[in-house]
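>>> Curious how this folds, go ahead:
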Amino acid sequence: MSVPLTKVDSAIAGLSIDEKPIEKDTKHDKKGHKRNSSTAEGVWTMKDLEEQRIEITLPIETQKTGWKLNTSPNTIEDKDILKMLLINPPVKKIDLHFPLGLEVTARNSKGVTIKDALDAIHKQFKKKADDELDNPYLAGFEWDKEECWTRLVVHQTKHGAPAAPSKKSKKKSKDEA
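Model (predicted):
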């Protein structure tokens with residue numbers, strides 16, 4: 001056995017230092033790396049918020065949409081609501097839990113907006129007929145940190161128009177009569 005060894009083995013002594021080590025094929029050893037440009041600064045993950053116990057806040061505007069779950073979010077009259085962040089601080093993705101067990105995920109690398117959440121919900125309900133939905137309108141979102149820190153509960157209602165605007169319209173009709 002006088003053949004020179006080319007691999008380094010801890011059990012064999014006496015290899016000279018000038019021998020070249022075998023190079024690994026680094027092309028296949030590289031792990032995938034996400035581009036930094038695709039992640040926005042100041043955008044959290046729900047797990048990070050939970051670990052650091054950072055409380056989130058929801059905009060009140062989500063309760064004023066009067067949006068029907070099986071229609072496109074673009075049918076909402078106030079388009080400015082759609083551009084607002086769903087929660088503050090912004091997150092990349094959030095699970096939306098329905099009381100009957102359905103769960104959908106809204107995603108946006110720059111921060112989930114109300115439109116992202118409504119799009120995710122609409123994707124689940126767009127093929128449902130009106131008579132298939134018991135509560136077809138969005139009533140709003142609720143964050144229950146005691147139940148689950150990392151998701152929002154979606155509330156639904158039978159009637160789409162919020163209470164305040166419907167009262168105003170009744171007053172107008174009384175004034176006209």
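>>> What are the boundaries of the helices in the protein?
26-29, 46-51, 80-83, 114-125, 163-176 (DSSP state H).
>>> In the second one, which residues are buried?
Taking 16 or more other Cβ atoms under 10 Å as the neighbour-count basis, helix 46-51 is seen to contain the buried residues 46, 49. The C-beta positions use only the backbone N, C-alpha and C, and glycine is treated the same way.
>>> least reliable of the helices of the chain going by mean pLDDT?
Mean pLDDT is lowest for helix 163-176 among those, at a mean of 46.
>>> Tell me who's in contact with residue 153.
Under the criterion of Cβ atoms under 8 Å, 6 or more residues apart in numbering, the neighbours of residue 153 are 97, 98, 99, 141, 142, 143, 144, 147.
>>> Tell me the pLDDT of residue 10.
Value listed for residue 10 in the pLDDT field: 54.
>>> now the strands for the protein?
According to DSSP state E, the chain carries its strands in the segments 93-97, 103-107, 137-142, 151-157.
>>> Export those as CSV, with columns for distance to residue 73.
As requested, the strands of the chain are exported to CSV (distance: least, Cβ to Cβ, whole Å):
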stretch, distance to residue 73
strand 93-97, 13
strand 103-107, 11
strand 137-142, 10
strand 151-157, 14
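>>> Among these, single out whichever gets nearest to residue 71.
strand 137-142 (9.9 Å; Cβ to Cβ).
>>> got the buried residues for the closest one?
Applying 16+ other Cβ under 10 Å to strand 137-142 flags 137, 138, 139, 140, 141 as buried.
>>> same thing with stretch 60-67?
Neighbour count says stretch 60-67 has 62, 63, 64, 65, 66, 67 buried, by 16+ other Cβ under 10 Å.
>>> Please work out which residues outside that stretch touch it.
By Cβ under 8 Å, 6+ apart, stretch 60-67 touches 73, 75-76, 78, 81, 84, 86, 114, 118, 137-141, 160-162, 165.
>>> repeat that with 10 Å
Stretch 60-67 is contacted from outside by 73, 75-78, 80-82, 84, 86-87, 114, 117-118, 121-122, 136-142, 152, 154-155, 157, 159-166, using Cβ atoms under 10 Å, 6 or more residues apart in numbering.
>>> ChimeraX command for the buried members of those residues?
Remark: buried members of the contacts of stretch 60-67, expressed as a ChimeraX selection using 16+ other Cβ under 10 Å:
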select :73,76,81,82,86,87,114,117,118,121,122,136,137,138,139,140,141,152,154,155,160,162
